[in-house]
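J.: Build me a model from this:
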Amino acid sequence: MSDSASWTGVLPGQPAGSLLRRIVWHWHHDPKRELWIAWWTMVVFYQLFGLLFFVVTPTQPPPKPWWEPARVVQWFSDNHDRLLIGFAFVFVISGMTAIMNALIAYSMRRMSVSRAFAYSYLVIYALSTLPGMLLLGIALTVGAMRPDRDPALICWLYDLAFLSFSGTMGVFLVGSLLWMIAILLDENRVFPKWFGYFNLCNALTEVVVAPAWIFKEGVFAWNGVISWWLQVFVFATYTVVFITLLRKMILREDFGTGPLPELATDVAPGRSGLMEAAR
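T.: All right, here's what the predicted structure looks like:
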């Protein structure tokens, strides 16, 4: 258990001087360097994810599920280069998700709950990358690379891609519920209790996308107000919140086994470890 009620977040012996000198010092002496690397990996990944899916590739917001075969083939033709280039980068960065998930699992290990929560979360989210990102990219890349194929086959790839992306949210549902239960049972104050209930809000939005397998138009279609717009708004908010709370957790981390100390109020939260070096 930690012996202190508060933590300044500042390491003794931190040097002044150039940015490079501070980064090198923290790389060698900061015990939290791995945590900061994982946190920055998460920040960079979500920036790239948004850029690649919303700007480079024309997949978000998703196109219409009711398009006839000729329109689907035309969509692949119009976006041929964007699909191939964009998803080439998606496949390159996909491995970053393992580092992000490891950081969240670490936060669960720091809680007073069973390690089974962290291990279950890792397994669930290791599986989630395939339906949550890779299957979409593989199907659309195959369709873009073979524009001369039968339009019916191109439509099949189109449906497979967007249904897999929007309709297979069960893994995220269970993952959110696991994180919620761990937070509510935790006595080490790793996260505030309200964030546990916020996980429930995110989990419920994963439920409302299930009708995308049934409806081809309207609010429950894969591009509908409920199945896509509501879900994306909640998830975006949820992501910003948990990235912020994970940052605060790293700042508070004392590598003990008891409750995490609170940050001293007279110390700026950013002044810690590699975060301080980057300022």
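
J.: So which residues of this structure form strands?
T.: 6-7, 262-263 (DSSP state E).

J.: Show me where the stretch 151-279 of the chain has its helices.
T.: 151-167, 170-185, 193-207, 231-252, 273-278 (DSSP state H, counting those that start in this stretch).

J.: for the ones you listed, which one sits closest to Ala70?
T.: helix 151-167 (6.7 Å; C-beta to C-beta). C-betas here are computed from N, CA, C, even on glycine.

J.: CA-only coordinates of the closest one, as CSV, when you get a sec.
T.: Output in CSV follows, covering the C-alpha atoms of helix 151-167 (Å, rounded to 0.1, in the frame of the first residue of the first chain):
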residue,chain,number,x,y,z
PRO,A,151,-21.2,-7.1,-59.6
ALA,A,152,-23.0,-9.6,-57.4
LEU,A,153,-19.7,-10.6,-55.9
ILE,A,154,-18.6,-7.0,-55.4
CYS,A,155,-21.9,-6.4,-53.6
TRP,A,156,-21.2,-9.3,-51.4
LEU,A,157,-17.9,-7.9,-50.4
TYR,A,158,-19.5,-4.5,-49.8
ASP,A,159,-22.2,-6.0,-47.5
LEU,A,160,-19.6,-8.1,-45.7
ALA,A,161,-17.4,-5.1,-45.0
PHE,A,162,-20.0,-2.8,-43.5
LEU,A,163,-22.0,-5.4,-41.7
SER,A,164,-18.9,-6.7,-40.0
PHE,A,165,-17.8,-3.2,-39.0
SER,A,166,-21.2,-2.0,-37.7
GLY,A,167,-22.9,-5.2,-36.7
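
J.: what does it contact?
T.: The contact list for helix 151-167 (C-beta atoms under 8 Å, 6 or more residues apart in numbering) reads 59, 62-63, 65, 67, 69-70, 72-73, 75-76, 131-133, 135-136, 139-140, 142-143, 146-147, 209-210, 212-213, 222, 227-228.

J.: Of those residues, grab the buried ones for PyMOL.
T.: Buried residues within the contacts of helix 151-167, by 16 or more other C-beta atoms under 10 Å, are selected in PyMOL with:
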select buried, resi 59+62+63+65+72+73+75+76+131+132+133+135+136+139+140+142+143+209+210+212+222+227+228
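
J.: ok, Asp148 - how many residues close by?
T.: Using other C-beta atoms under 10 Å, Asp148 is surrounded by 6 other residues.
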